[in-house]
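# Below are the sequence and a predicted model for it; my questions follow.
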Amino acid sequence: MTRLARSLWAQVLLAAALGALVGLAWPEGAVRLQPLGDGFIRLVRMLIAPIVFVTVVAGIARVGGLKKTGRVAWKAILAFEAFTTLALLLGLAAGLLLEPGAGMGVDPAKVDTKAIAGFTTAGKALGWADFLLGLIPKDVVDAFAKDDVLQVVFFSVLFGVALAALQAKGTRVLAFVEDLSALLFRILAMVMRLAPVGAFGAMAFSVGKFGPGTLLGLGKLIAIFYAVCALFVLVVLGLALRWSGLGLGRFLRYLRQEILIVLGTSSSEPALPLLMDKLAHLGCSRPVVGLVAPLGYAFNLAGSAAYLTLATAFIAQATGTVIGPWKWLEILAVLLVTSKTATAVTGGGFVALSATLTAVGDVPVAGLALLLGVDRAMSEARAVTNLIGNGVAAVAVSRWEGELDLVRARAVLADPAAVEAVTYQAGHVDPRSAVPDDLIR
Amino acid sequence: MKRLAHSLYAQVLIAVVAGALLGHFNPPLGEAMRPLGEGFIKLVKMLIAPIVFTTVVTGIAKMGDLKKVGRVGAKALIYFEVLTTLALFIGLAVGKLVEPGAGMNADPATLDSKVIAGYASAGHSMSTADFLLNIIPKDVVDAFARGDILQVLFFSVLCGVALAALKADGTRMLHLIDEFSHVLFRIIGIIMRVAPVGAFGAMAFTVGKFGIASLAKLGLLIGAFYATSLLFVVVVLGLVLRRAGLSIFKFLRYIRQEILIVLGTSSSESALPLLMAKLEKLGCSKPVVGLVVPMGYSFNLDGTSIYLTLATLFIAQATNTQVSFGQEMEILAVLLLTSKGAAAVTGGGFITLAATLSAVGNIPVAGLALLIGVDRFMSEARAITNLIGNGVAAVVVSRWEGELDHRRALAVLDDVDAAEEETYQAGHVDPDAAVPDEAGRGPA
């Protein structure tokens, strides 16, 4: 019993199960519990920009420098490309082989498209020049206020590199950033106690709103998607981890708390700060984690990528649209771009899908309406796959940099229970990051 | 003469009278004075968010005890809830007895509601869940950038509790925030030198724009509101303060300078930092003041509460809308929630009133147009009542916590002038507020 009281992941699991029950038994009331889930997500979101800032700055300033940062960024982008391309191919293969939409015979002209109007207008594809220009904040404070994580990463990298170049002159600023980091992670630890409440509310809402009935309707598609995600995690991510020298099973057990929070809230964002903390604790190098995890939330959405090809194939089959092999190559090329713009927010994958269908042209966008009801059910698997993919990417890039503390990582993975306790009790004050007092005053 | 030059309140009073005279005898020139008043309010407003942050964080972190924060916070909330409910009831009762709007026979269709469209949309009715969700900032920096006091307050409490939990690891950060707080209070001290200019401008504009005669039409409403506010302060707050062992009249004399600043600027926010300094000087405990007064600016708006029920009834009466007893209770319930967010939206009570009317439904929102002309004249009494209510709240909650230095309070109230000179000449660097360097935060 005391174990339950102390173990957050068990509480989250229990709360999510309870939420699902409430959603089944009393859908009308369960729908009204949505603010609990939203509130929890908001609580974590308000901390993301500052936490990304302190983690990136402290990481780069302490161990990095410009050269290293550039190298890590390149490696991260290569890893992201490899992961998402494999995921796209896997989703496409499953869609073509298993044909989840075959025989549905839907006439796109008769589908009510009103419900998807919001998504289709939001899904405008972004040009590369605009995207790159968008990385530069209009104003430093504005980037934080708007909660634009990519802009915050951009500025934080500049700040960290400059701080590293200042060496001794920057000691006081670095000490301040690390104090701030301790403070923010302590606030995060307080907020995380509410994770069960958030998971309960979000789960009750999802089940109550969309119900078991809608799930059965497109059961084949959902089952295939879950299988694809599982396959991706087991094979692709498992191999990447094996190459890094770690076992997938233990890694998943280590991240179970984050996975459950993501499952409960069906958004991968609330777990980002925790994930960064845990990866650093695992023995990944801090500058690598600081760069790879936030960037991965924008670019390394493996689950969303698999969903995009599978859903495109589904809509094409359901509406009886015939697509030749060359057209598929074109769709893949488009998806390589659009899959990067899918944000990690719930429903973000849906917007990206709309952008893809619009860009491709052949597959009727109206087919999206078919997926609206079940999108939420699939967004769980999407978000969890994205989360695990980001964790593995950070580990793999650390290993590639030769900065993965394998001995520590194995010890930590062998006894995750002890590690969880340590992380939250100390409010994450890493002894390695403490600045000796005499240097400061 | 030298005393006059030094005393801020005398300067403000003279400025208010001069402004009113100018507005009366040369209305166009008076209207042109508006930027002076607005500028002063802007000067103060820019500092509210950081001052709330530094005060609450250092207050909580120094208290160093989560349970205690919870208890003070809970006591303050109970007190706020009781007092504002009472204020809402009193406003409702006066509205029913005096019937200030009866016989106006204003047809909602003829009222030009275009003027108030901007207000009505800003105060779109909020559900309880939305209200609570909106207390959580979208992003920490965003809360400060938009100056959303409720959000800043929320984050400050989290920060303070986290810093307290960090113990020695948070000492350096706490020092920094504390130093920052002193800089901010010093800036306030500098800004207060121009308070008379602001009061003069605001007064000249009001009288110049609306004219002294313009008051006559809605005189009864204003009169009723002022009388009710006065009654509330003297009777309700007086009794409450008596229970804490102090006299309301002496207390009013003690904070007269803040009252006059509010009178000149008709925004209770301008006096917030000064009021906090004075309450600490009176012998209230610093953590309690740091928590209760900023919290009170969102949750304890006694004057606004009186105004809201009175104005709602006024509009109903003026537009000949029948309001049943059940509907009155509904208005009260809605107001209990909406009146809490009043300070969170710029423009205060008027926006809340719009939100309330649209939430209740059967009283025409267009009726707000009747009040635009006189809202300005009542906002002063509203702000002053809010100010006094918050001061009393801090004293009472301190007393309730057993942390009111009663002897000191009596002594300070009996010799106000000496206390005042001391506070402002020192630019408010409270020796008690400084953290002893070697101890950090006392017993960790």
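Noted; the coordinates are in hand.
# And the pLDDT at the residue lying closest to residue B:322 once chain neighbours are set aside?
Using Cβ to Cβ, 6 or more residues apart in numbering or on different chains and skipping residues adjacent in sequence, the residue nearest residue B:322 is residue B:316, 8.0 Å away. C-beta: built from backbone N, CA, C; applies to glycine. As summarised for this prediction, residue B:316 has a pLDDT of 85.
# Is residue B:316 within a helix or a strand, and which one?
helix B:302-318 (DSSP states H and E).
# So which residues of the stretch 51-200 of chain B form helices?
For the stretch 51-200 of chain B, the helices defined by DSSP state H, counting those that start in this stretch occupy B:66-98, B:114-122, B:128-133, B:140-146, B:149-166, B:171-192, B:195-210.
# Which of the ones you listed has the highest mean neighbour count?
helix B:195-210 (a mean of 25; mean count of other Cβ atoms under 10 Å in any protein chain shown).
# Which per-residue confidence value corresponds to the closest residue in space to residue B:57 that isn't next to it in sequence?
Setting aside the residues directly before and after it, residue B:57 is nearest to residue B:160 in space (Cβ to Cβ, 6+ apart), at 4.4 Å. As predicted, residue B:160 sits at a pLDDT of 87.
# likewise the one 4 residues further on?
Note for residue B:164: predicted pLDDT of 83.
# any idea how far chain A is from it?
Using Cβ to the nearest Cβ, to the nearest Å, residue B:164 is found at 10 Å from chain A.
# Might one say that that residue is in contact with residue B:56?
No. Checked against Cβ atoms under 8 Å, the pair residue B:164 and residue B:56 is beyond contact range at 12.0 Å.
# Show me where the stretch 301-441 of chain A has its helices.
Using DSSP H, counting those that start in this stretch, helices in the stretch 301-441 of chain A cover A:302-318, A:325-341, A:348-360, A:368-400, A:406-414, A:416-425, A:437-440.
# and chain B, which of its residues are near chain A?
For chain B, the residues in contact with chain A under the definition Cβ under 8 Å from any Cβ of the partner chain are B:129-130, B:132-133, B:136-143, B:145-146, B:155, B:158-159, B:161-163, B:165-166, B:169-170, B:172-173, B:176.
# residue contacts, the residue nearest to residue B:322?
B:101, B:322, B:323, B:363, B:367 (Cβ atoms under 8 Å, 6 or more residues apart in numbering or on different chains).
# Quick check: the two most widely separated of the residues you listed?
Taking Cβ to Cβ as the measure, those span a maximum distance of 13.9 Å, between B:322 and B:367.
# More neighbours: these two, which one.
In this view residue B:322 and residue B:367 are compared by other Cβ atoms under 10 Å in any protein chain shown, and residue B:367 has more residues nearby, 26 against 8.
# Show the residue spans covered by the strands in the chain.
I'll assume chain A. Read by DSSP state E, chain A holds no strands at all.
# Please list all residues in contact with the nearest residue to residue B:52 once chain neighbours are set aside.
On the basis of Cβ to Cβ, 6+ apart, the spatially nearest residue to residue B:52 that is not a chain neighbour turns out to be residue B:294, at 4.6 Å. With Cβ under 8 Å, 6+ apart as the criterion, the residues that contact residue B:294 are B:52, B:55, B:56, B:149, B:153, B:272.
# what stretches of the stretch 301-444 of chain B score poorly on pLDDT?
For the stretch 301-444 of chain B, the stretches flagged by pLDDT under 70 are B:334, B:337-352, B:354-356, B:358-362, B:365-377, B:416-444.
# cutoff 80 now
Filtered on pLDDT under 80, the stretch 301-444 of chain B yields the residue ranges B:318-324, B:326-327, B:330-331, B:333-380, B:415-444.
# just the stretch 101-250 of chain A next, same as before
Residue ranges of the stretch 101-250 of chain A with pLDDT under 80: A:101-132, A:134-135, A:147-150, A:167, A:206-219.
# So which residues on it come close to chain B?
So far as Cβ under 8 Å from any Cβ goes, the stretch 101-250 of chain A lies against chain B at A:141-142, A:144-147, A:175-176, A:179-180, A:182-183, A:186-187, A:190-191.
# Reformat the contacts of residue B:294 as CSV; add pLDDT.
Written out in CSV, the entries for the contacts of residue B:294 read as follows (pLDDT from 0 to 100):
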residue, pLDDT
B:52, 72
B:55, 74
B:56, 74
B:149, 67
B:153, 77
B:272, 82
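# show me what contacts residue A:264?
For residue A:264, the contact set (Cβ under 8 Å, 6+ apart) comprises A:12, A:15, A:16, A:19, A:37, A:195, A:198, A:199, A:200, A:202, A:203.
# Burial check on the second one, number of neighbours?
One way to gauge burial is a neighbour count; for residue A:15, by other Cβ under 10 Å, it gives 23.
# I figured it was touching residue A:197, is that so?
Yes. Taking Cβ under 8 Å as the definition, residue A:15 is a contact partner of residue A:197 at 6.9 Å.
# quick one on the thing from earlier: switch the contacts of residue B:316 over to a markdown table; also include secondary structure.
Supplementary listing: the contacts of residue B:316 in a markdown table, determined by DSSP: H, G, I helix; E, B strand; the rest coil:
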| residue | secondary structure |
| --- | --- |
| B:101 | coil |
| B:322 | coil |
| B:323 | coil |
| B:363 | coil |
| B:367 | helix |
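# how close does the closest residue to residue B:231 other than its chain neighbours sit to residue B:235?
Of all residues not flanking residue B:231 in the chain, residue B:90 sits nearest, at 7.6 Å (Cβ to Cβ, 6+ apart). Taken as Cβ to Cβ, to the nearest Å, the spacing of residue B:90 relative to residue B:235 amounts to 9 Å.
# One more: residue A:13?
Using Cβ to Cβ, residue A:13 is found at 56 Å from residue B:235.
# which ones are touching the residue in the stretch 201-350 of chain A that chain B sits nearest to?
Using Cβ to the nearest Cβ, the single residue of the stretch 201-350 of chain A nearest to chain B is residue A:201, 10.4 Å away. Counting by Cβ under 8 Å, 6+ apart, residue A:201 touches A:19, A:33, A:34, A:35, A:36, A:37, A:38, A:39, A:40.
# Restricted to helices, list those residues.
The subset of these located in helices under the criterion DSSP state H comprises A:19, A:34, A:35, A:36, A:37, A:38, A:39, A:40.
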